[in-house]
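Trainee: Turn this into a structure:
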Amino acid sequence: MNIHFIAIGGAAMHNLALALHLKGDAITGSDDEIFDPSKSRLSAYGILPKAFGWFPEKITAKLDAIVLGMHAKADNPELLKAQELGLKIYSYPEFLYEQSKFKTRVVIGGSHGKTTITSMILHVMHYFNRDLDYMVGAQLEGFDVMVKLTDDNDFIILEGDEYLSSPIDRRPKFHLYKPNIALLSGIAWDHINVFPTWENYVEQFSIFVDSIVEGGSITYNIEDVEVKKVVEGSENTIRKFPYQTPEYQVENGITILETEEGSMPIEIFGKHNLNNLAGAKWICQQMGIDENDFYEAISSFQGASKRLERIVETENCVAYKDFAHSPSKVLATTNALKNQFPNRKLIACLELHTYSSLNPEFLTEYKGALDAADVAVVFYSPHAVEIKKLKAISQQQIADAFQRDDLIIYTNPTMFKDFLFSQQFNDTSLLLMSSGNYGGLDFDELKNLIA
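Mentor: Have a look, this model is predicted:
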């Protein structure tokens, strides 16, 4: 097929483009800006656009399909030309469904844990050389790309994002996959620019459960009250498999999982990750991996990129970075690190970077999220607030939201870096939580300082 990507530079979009290129399709694309790692990876495979910008002349009747990214606007000149020519235009999730409609679709949904659970399942399948198609939101060790599509594999596992599909398709992505096997990990209000009320947000997960094909299954976290309500309230004719956090203990900074075969040390830690592990086990069993084999494989799983990713460790200090940005993720990640190293000082740094986290009306959701930290720091950029066209927020609003008298707040990246680099890291755990980079923090420089 001849396929053109409008907004090819996105994390998900460029990986889909690479997957289709590797599958043998002819790929072209455009974007107004492309950054690394997307830029380097597209270049390595020879499909990086020669010039940045939108070029309607690229859109011709010879194209079999257009894949439209969320980064593009509804008045994009290439999109308008495609509509004028009557070409087939897919959103990212629509195209994935089209490529997998004759496969068994395994979809992992939830406000948090999606990437980790999907990564766990892929790790187990990779361990046993079980080939399958996939789409995951993080780079994994042993996997060249984040999307794989073939004509032959029976299974495809998809990370089920609840964000919108495209500028001209306002449905959440995970409504379009029609799973045979699904998982729902948790529901915690997010994306308030799209779902302005809690009720509206929860409704999207009800629609997801009802979209599971007849006779399919939903594996769900029974410890999440809202998940339990949504799944058990659904009248869809599907099988329902609840899961919960398994028994575990922490000894000298090592998490020990209790299994029927005895105690087993594992690489990951934190109650939320053990809960994710339980969900992944259920899905793997439905995909033909028995319990003992699952435990054998999962013992070597070290986590997905930027999900409690250890960046440096010494005899008396450890530093992690994490993608956590929503209140529930920040709370779970901070608690996990404190529980893993209870006798060490925990310095927890959070960058408020997303639309929701910089919204004054949403800030109060962060109450108590950093309470487990001995030193709690919040960084945000007033310029980012301006770019997102949000109301200005003050340091006092942030302090009031977190309700912590000793909260340290920075808006200047240089001052934040100076603070961080002035710390004594003996007997310390450092946690850096952000979907950004704190205004340009050099993580390698920080690693060298600690090491």
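
Trainee: What pLDDT is listed against the nearest residue to residue 8 once chain neighbours are set aside?
Mentor: If the residues on either side of it in the chain are set aside, residue 8 comes closest to residue 29, at 2.9 Å by C-beta to C-beta, 6 or more residues apart in numbering. Where C-beta positions appear, they are placed from N, C-alpha and C, glycine not excepted. We have a pLDDT of 98 for residue 29.

Trainee: residue contacts, residue 29?
Mentor: By C-beta atoms under 8 Å, 6 or more residues apart in numbering, the contact list for residue 29 reads 4-9, 13, 17, 42, 47, 49.

Trainee: What is the least confident helix or strand in the protein?
Mentor: Across the helices and strands of the chain, mean pLDDT, DSSP states H and E gives its lowest value to helix 382-387, namely a mean of 81.

Trainee: Quick check: buried residues in that one?
Mentor: Neighbour-count burial for helix 382-387 flags 384-385 (criterion: 16 or more other C-beta atoms under 10 Å).

Trainee: got the contact list for that helix?
Mentor: Here helix 382-387 has contacts from 353, 358, 391-393, 411, 436, using C-beta under 8 Å, 6+ apart.

Trainee: Next: stretch 84-102.
Mentor: By C-beta under 8 Å, 6+ apart, the list of residues contacting stretch 84-102 from outside reads 12-13, 16, 59-61, 63-70, 79, 82-83, 105, 133, 135, 149, 156, 158, 165-166, 168-169, 173-174, 176-178.

Trainee: Apply 7 Å and report the result again.
Mentor: Contacts made with stretch 84-102 from outside it, assessed by C-beta atoms under 7 Å, 6 or more residues apart in numbering, are listed as 12-13, 16, 59, 61, 63, 65-69, 82, 133, 135, 149, 156, 158, 165-166, 169, 173, 176-178.

Trainee: show me where pLDDT drops low in this structure?
Mentor: Screening the chain residue by residue with the criterion pLDDT under 70, one finds the ranges 139.

Trainee: Give me the domain ranges for it.
Mentor: For the chain, the structural domains run 2-87, 95-298, 309-450, going by automatic domain parsing.

Trainee: what about the last one, how long is it end to end?
Mentor: Going back to what we said before, that points to domain 309-450. Distance between the two ends of domain 309-450: 16 Å, counting by C-alpha to C-alpha, to the nearest Å.

Trainee: beta partners of residue 350?
Mentor: With DSSP bridges as the criterion, residue 350 is bridged to residue 378, residue 433.

Trainee: With residue 85 as the reference, measure out to it.
Mentor: When distances are taken as C-beta to C-beta, to the nearest Å, residue 350 and residue 85 turn out to be 47 Å apart.

Trainee: Neighbour count for the two, which is higher?
Mentor: Residue environment comparison for residue 350 versus residue 85 gives the larger neighbour count to residue 350, 28 against 12, counting by other C-beta atoms under 10 Å.

Trainee: right, and the more buried one touches residue 333 too?
Mentor: No: using C-beta atoms under 7 Å, residue 350 makes no contact with residue 333, being 9.5 Å away.

Trainee: who touches both of the two?
Mentor: Common contact partners of residue 350 and residue 333 (C-beta under 7 Å, 6+ apart): residue 433.

Trainee: Good, wrapping up.
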